[in-house]
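K.L.:
Any chance you could fold what I've pasted below:
(2 chains)
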Amino acid sequence: MSEDGVKKFLYVNRKAPYGTIYAQEALEVVLIGAAFDQDVSLAFLDDGVFQLTKGQDTKGVGLKNFSPTFNALGDYEVTKLYVEQESLDERGLSVDDLQDIQYEDEDDDWAEKPSIIVVSRSQMADVMAEQDVILSF
Amino acid sequence: MAYDVNGTAVEHDEEGYITNLSDWSQELAGVIAQAEEIEMTDEHWAVVNFLRDYYEEYQIAPAVRVLIKAIKKSMGPEVGNNKYMYELFPYGPAKQACKIAGLPKPTGCV
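P.N.:
Residues are numbered from 1 along each chain as shown, chains lettered A, B, ... in the order given. Alright, predicted model coming up:
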């Protein structure tokens, strides 16, 4: 934990967006937790990478398409979405299949910057190792 | 529990948020505002319309902190500040304005 009392929180998303409620609830927890001014990042691995795909259409399953909400994360100062390269590869996905999620950098004249950071499995392990709190969904 | 909009009943929950988001109309917003003892001005409508656009784009009602920051950015600091927003909506800009806008209770509101 840093001296100013800010902890590093990582929310780990491993599940596909609509088969269970985990993905949507995780996002809800992130938005609620963002009020506490902590250093929050998200990780997407295994089927969790499907949560970020473009062009989701949930009409057939009768659930709310919550994927647009990822684009609001920047407003909540959540600007680091780590995506595991191997998980994409194993599912035949590439970063081009994911939404182009951006945040506006207040300290850089509101320049739009990408939130998604693609990392290898071993880099993901490093990201996890430096956290104070990891919450798995 | 329901609001009465020209004789049509529109269901709401125990806190006054409407049950079906698609029931919303400008007339309904006026009825909800009256129940909240708010007289709607252009400034109130600007915030309500902003919230509806935000929900349309992101599928969430923003937390008050996020709302004020976003309004500051799009409408300027004379509107997007705590004092002014609480003058418009004394019981909380996010809570009351979302209710009038026909949105769910803001995420992160307990």
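K.L.:
which residues touch the residue in chain A that chain B sits nearest to?
P.N.:
Chain B sits closest to A:A72 of chain A, with a gap of 4.0 Å, by CB to the nearest CB. In short, each C-beta sits where N, CA and C put it, glycine included. Contacts here follow CB atoms under 8 Å, 6 or more residues apart in numbering or on different chains; on that basis A:A72 touches A:L31, B:Y54, B:Y58, B:I60, B:P62, B:V66.
K.L.:
can you do 10 Å?
P.N.:
With contacts defined as CB atoms under 10 Å, 6 or more residues apart in numbering or on different chains, the neighbours of A:A72 are A:27, A:31, A:78, A:101, A:103, B:54, B:57-60, B:62, B:66, B:70, B:107.
K.L.:
could you dump those residues to TSV with neighbour count?
P.N.:
Putting those into TSV (neighbours: other CB atoms under 10 Å in any protein chain shown) gives the following:
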residue	neighbour count
A:L27	25
A:L31	23
A:V78	24
A:I101	17
A:Y103	22
B:Y54	23
B:E57	12
B:Y58	18
B:Q59	16
B:I60	23
B:P62	26
B:V66	25
B:A70	17
B:T107	22
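K.L.:
From these, which shows the smallest pLDDT?
P.N.:
The lowest pLDDT within these belongs to B:T107, with 68.
K.L.:
Now do the strands for chain A: every range, in order, please.
P.N.:
A:8-13, A:39-44, A:81-84, A:102-105, A:111-114, A:116-119, A:133-136 (DSSP state E).
K.L.:
Now do the buried residues in the first one.
P.N.:
Looking back up the chat, that one is strand A:8-13. A:K8, A:F9, A:L10, A:Y11, A:V12, A:N13 (16 or more other CB atoms under 10 Å in any protein chain shown).
K.L.:
gap between the two ends of stretch A:32-40?
P.N.:
Distance between the boundary residues of stretch A:32-40 (CA to CA, to the nearest Å) amounts to 11 Å.
K.L.:
Briefly note if it comes near chain B.
P.N.:
Yes - in terms of CB under 10 Å from any CB of the partner chain, part of stretch A:32-40 sits within range of chain B, namely A:I32, A:G33, A:A34, A:A35, A:F36, A:D37.
K.L.:
and the fourth one, what pLDDT?
P.N.:
According to the predicted model, the pLDDT of A:A35 comes to 79.
K.L.:
My read is that it contacts B:P62, right?
P.N.:
No - contact criterion CB atoms under 10 Å: A:A35 and B:P62 do not qualify, at 11.4 Å.
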